[in-house]
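J.: turn this into a model:
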Amino acid sequence: MRKVKLRMNELEKYNIIKNLVDNNGNKNNAAIKLNLSRRQIDRLINKYKEKGKSSFVHGNRGRIPSKALDKSISENIILLYQNKYYDCNFNHFKDLLKDKENIIVSYNFIYKTLTSAGIYSPKIRRRTKRNLKKAELLKKKENQNKSDKEIQTMVSHQLKIEEAHPRQEKPKYFGEVIEMDGSIHKWFGSEKACLHLAIDLCTGTIVVGIFQTQETLRGYYIIFKQILENYGIPVLIKTDNRTVFNYNSLSKEKKTSDKDVLTQFGYACKILGTDLKTTSISQAKGTIERANGTFQGRLVQD
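T.: Reported below is the predicted structural model:
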């Protein structure tokens, strides 16, 4: 006789119906326990009397869903990503599969297929990266003679160091804070060019984007001019700590109030009443840095 294995919910249903039939129990109590109607309880009793325990096995168990994709599609997607679209994030990869390869699948299918093969998106989320790092660290520490509490403390300590940069509060209004940066990359084949970008920190909207041969003052002037014409005067501009924006020709010991002058761009901001904040820390202007990465991943492929 074939042994029947039931899952937890099926086993609970089987035990209640079996006890009901064997002891001539109360059907209303069984209906309340299983959150079913009396008619459904009667059907389960009839099934139990006809087929016994096997009647509680779900009818679709072991069957391949009618909408399941062929395994060859998964293999094809993995090969395409590894050999042709390896720089793309998964969402962009989904669009490219539809437009160029005539393969229409969902994002979840792509995500599960690639991650099960050990392939992770270049735009992987911080939380996912942290969980993967945690699993990797735990695997390394398991072979050492340390208690679970010591291992967990070591893992948490290493992960907290990676997240040392505090999060910044976003502005409340559009145009209040603008982040600007230049991204030097091989946008058009082998020759490098600079994409000057400006992004609104409140909404994450790209307000201006232009290409120049290099990252220059002229490029930022053009960006600033378009912002003024299309949106008005921003309250604050955040950008790189470059000599275009910040006067750094003298060391801090030699700087005096007489020689600590504004750059041309800084003077233009002062006249218009716009504060200019520069920083060399990429995490302090993470929105524009992420936008640069997105454009490098998508524009070059397209």
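
J.: contacts only, for Gly175.
T.: By CB atoms under 8 Å, 6 or more residues apart in numbering, Gly175 lies in contact with 200, 202, 231-232, 234-235. (Each C-beta comes from the backbone N, C-alpha and C, glycine too.)

J.: filter the residues you listed down to the buried ones.
T.: Buried members of these, scored by 16 or more other CB atoms under 10 Å, are 200, 202, 231, 234.

J.: farthest pair in those residues?
T.: Cys202 and Tyr231 (11.8 Å; CB to CB).

J.: which helices and strands sit right next to the top helix by length along the chain?
T.: The helix spanning the most residues in the chain, taking DSSP state H as the definition, is helix 126-142. On a contact count with 3 or more CB pairs under 8 Å, 6 or more residues apart in numbering; DSSP states H and E, helix 126-142 meets helix 148-162.

J.: ok, then the element right after the helix it packs on?
T.: Where DSSP states H and E defines the elements, the next helix or strand beyond helix 148-162 is strand 177-188.

J.: give me the contact list for that following strand.
T.: Residues contacting strand 177-188 (CB under 8 Å, 6+ apart): 171, 192-202, 207, 211-212, 214-215, 219-220, 223, 227, 234-240, 285, 287-289, 292, 295-296, 299-300.

J.: what mean pLDDT would you report for stretch 241-259?
T.: Averaging pLDDT along stretch 241-259 yields 62.

J.: touching, Asp87 and Thr294? I think so.
T.: No. Counting by CB atoms under 8 Å, Asp87 sits too far from Thr294 to count as a contact (11.8 Å).

J.: so where's the stretch 101-250 of the chain uncertain?
T.: The model of the stretch 101-250 of the chain has pLDDT under 70 over residues 140-167, 248-250.

J.: if we use 50, what do you get?
T.: Applying pLDDT under 50 to the stretch 101-250 of the chain picks out residues 249-250.

J.: returning to what we had before: buried among the contacts of strand 177-188? Need that as a selection in PyMOL.
T.: To isolate the buried subset of the contacts of strand 177-188 in PyMOL, counting by 16+ other CB under 10 Å, use the following:
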select buried, resi 171+193+194+195+196+197+198+199+200+201+202+207+212+215+219+220+223+227+234+237+238+239+240+285+287+288+289+292+295+296
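
J.: of all the contacts of Gly175, which two lie farthest apart?
T.: Farthest pair in the contacts of Gly175 (CB to CB) is Cys202 and Gly232. Separation: 13.9 Å.

J.: what residues of the helix or strand Ile45 falls within count as buried?
T.: Using DSSP H and E, Ile45 falls within helix 38-51. By neighbour count on 16+ other CB under 10 Å, the buried set for helix 38-51 is 41, 44-45, 48.

J.: could you dump the residues you listed to JSON lines with pLDDT and distance to Pro122?
T.: Shown next, in JSON lines, are those (pLDDT from 0 to 100; distance: CB to CB, whole Å):
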{"residue": "Ile41", "pLDDT": "89", "distance to Pro122": "54"}
{"residue": "Leu44", "pLDDT": "89", "distance to Pro122": "52"}
{"residue": "Ile45", "pLDDT": "89", "distance to Pro122": "57"}
{"residue": "Tyr48", "pLDDT": "86", "distance to Pro122": "54"}
